[in-house]
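Participant: curious how this folds, go ahead:
(one chain, ligands or ions: 1)
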Amino acid sequence: MADDRILEQLAQVLESRKGADASSSYVASLYAKGLDSILKKVGEEATETVVAAKNGDPEQLIYETADLWFHTLILLAQQGLGPGQVLAELERRFGLSGLEEKASRGTR
Ligand SMILES: N=c1c2ncn([C@@H]3O[C@H](COP(=O)(O)OP(=O)(O)OP(=O)(O)O)[C@@H](O)[C@H]3O)c2ncn1[C@@H]1O[C@H](COP(=O)(O)O)[C@@H](O)[C@H]1O
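Facilitator: Next up is the predicted model:
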């Protein structure tokens, strides 16, 4: 089972890359290229994720989804946001749907 703190840990690394040397860090090089380049990568990775799903290849789908999540985290960081805010929004929706209560009672 993967450690679900990885998103926050990765977000900390992404934050630390702000102002880092672009020649030694992929993330810093993407920050240096600016928002449009980050958005282009997010779009590409989303397309590659769709293709992986259409190909019916689970391993490729996991790999491409990781690329998509990673580049989305870079986008959030560049915009001064982080995964905590997205997770809080998902948690809020989960609570609104009533599933949270049912899950805690073990009756889905
Ligand atoms: N998770 C990743 C990660 N996933 C993908 N990539 C890089 O993202 C780039 C683009 O990925 P693609 O799949 O699109 O590869 P590509 O199409 O061949 O590359 P492009 O020509 O499109 O740039 C590649 O150079 C990958 O190495 C990543 N680079 C870094 N990380 C994490 O980010 C941390 C900080 O990285 P640095 O800033 O490089 O130190 C690392 O410790 C890792 O944990």
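Participant: what strand or helix carries A77?
Facilitator: Assigned by DSSP states H and E, A77 belongs to helix 58-78.
Participant: chain center to that helix, what's the gap?
Facilitator: Centroid separation between helix 58-78 and its chain, computed with CA atoms, centre = their mean, to the nearest Å, is 5 Å.
Participant: and that helix, what other elements does it pack with?
Facilitator: When contacts are defined as 3 or more CB pairs under 8 Å, 6 or more residues apart in numbering; DSSP states H and E, helix 58-78 sits against helix 6-16, helix 26-33, helix 35-55, helix 83-96. (Each C-beta comes from the backbone N, C-alpha and C, glycine too.)
Participant: can I get the CA coordinates of it in PDB?
Facilitator: This file holds the C-alpha atoms of helix 58-78, laid out as PDB (Å, rounded to 0.1, in the frame of the first residue of the first chain):
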ATOM      1  CA  PRO A  58      -3.300  -1.000 -16.900                       C
ATOM      2  CA  GLU A  59       0.500  -0.500 -16.300                       C
ATOM      3  CA  GLN A  60       0.700   2.200 -19.000                       C
ATOM      4  CA  LEU A  61      -2.400   3.800 -17.400                       C
ATOM      5  CA  ILE A  62      -0.800   3.900 -14.000                       C
ATOM      6  CA  TYR A  63       2.400   5.400 -15.400                       C
ATOM      7  CA  GLU A  64       0.700   8.100 -17.400                       C
ATOM      8  CA  THR A  65      -1.700   9.000 -14.500                       C
ATOM      9  CA  ALA A  66       1.400   9.400 -12.300                       C
ATOM     10  CA  ASP A  67       2.800  11.800 -15.000                       C
ATOM     11  CA  LEU A  68      -0.500  13.700 -15.100                       C
ATOM     12  CA  TRP A  69      -0.800  14.000 -11.300                       C
ATOM     13  CA  PHE A  70       2.900  15.100 -11.100                       C
ATOM     14  CA  HIS A  71       2.500  17.800 -13.600                       C
ATOM     15  CA  THR A  72      -0.800  18.900 -12.000                       C
ATOM     16  CA  LEU A  73       1.100  19.300  -8.700                       C
ATOM     17  CA  ILE A  74       3.600  21.500 -10.500                       C
ATOM     18  CA  LEU A  75       0.800  23.600 -11.900                       C
ATOM     19  CA  LEU A  76      -0.800  23.900  -8.400                       C
ATOM     20  CA  ALA A  77       2.600  24.900  -6.900                       C
ATOM     21  CA  GLN A  78       3.200  27.400  -9.600                       C
END
